[in-house]
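# Next input, structure requested:
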Amino acid sequence: MTTKRGRERAVRIAELKAQLSKHLRSAQRGEIITVLDREMPIARIVPIERDGDRLITSPATVDWKDIEPPRHVPIGVDVVALLLEDRRRR
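This next block holds a predicted model:
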């Protein structure tokens, strides 16, 4: 199902998966795509407003294997115990 309201369109997940490139091109042209899961809006694909907003990436300059893991910082709390306690409450 696709509904259009001006420059906004709603598509179900299955249609988005089947025609992702088409919907991304629509967003690139300025259209807003609302993603529906059983008729409930769950996400939006929005166009980038200006060239300055574009995400610019560059290749990594360091291999991830050469990065030292962060040192242990004692926080005085047993995080695992807190997690288990939270899970029991739910």
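# Quick check: what element follows the helix or strand bottoming out on mean pLDDT in the chain along the chain?
Sorting the helices and strands of the chain by mean pLDDT, DSSP states H and E puts strand 2-5 at the bottom, at a mean of 51. Using DSSP states H and E, the helix or strand that follows strand 2-5 in sequence is strand 8-12.
# Could I get the buried residue list for that following strand?
For strand 8-12, burial by neighbour count (16 or more other CB atoms under 10 Å) applies to 9-11. Placement of C-beta: from N, CA and C, glycine included.
# who does whatever helix or strand comes next after that strand touch, helix- and strand-wise?
The helix or strand immediately downstream of strand 8-12 is helix 13-18, counting by DSSP H and E. Contact partners of helix 13-18 among helices and strands, from 3 or more CB pairs under 8 Å, 6 or more residues apart in numbering; DSSP states H and E: strand 32-37.
# What angle do strand 8-12 and the strand it packs on make with each other?
Taking axes from the mean of the first three to the mean of the last three CA atoms, to 10 degrees, one finds strand 32-37 and strand 8-12 inclined to each other by 20 degrees.
# Specify the helix with the largest residue count in the chain.
helix 79-89 (DSSP state H).
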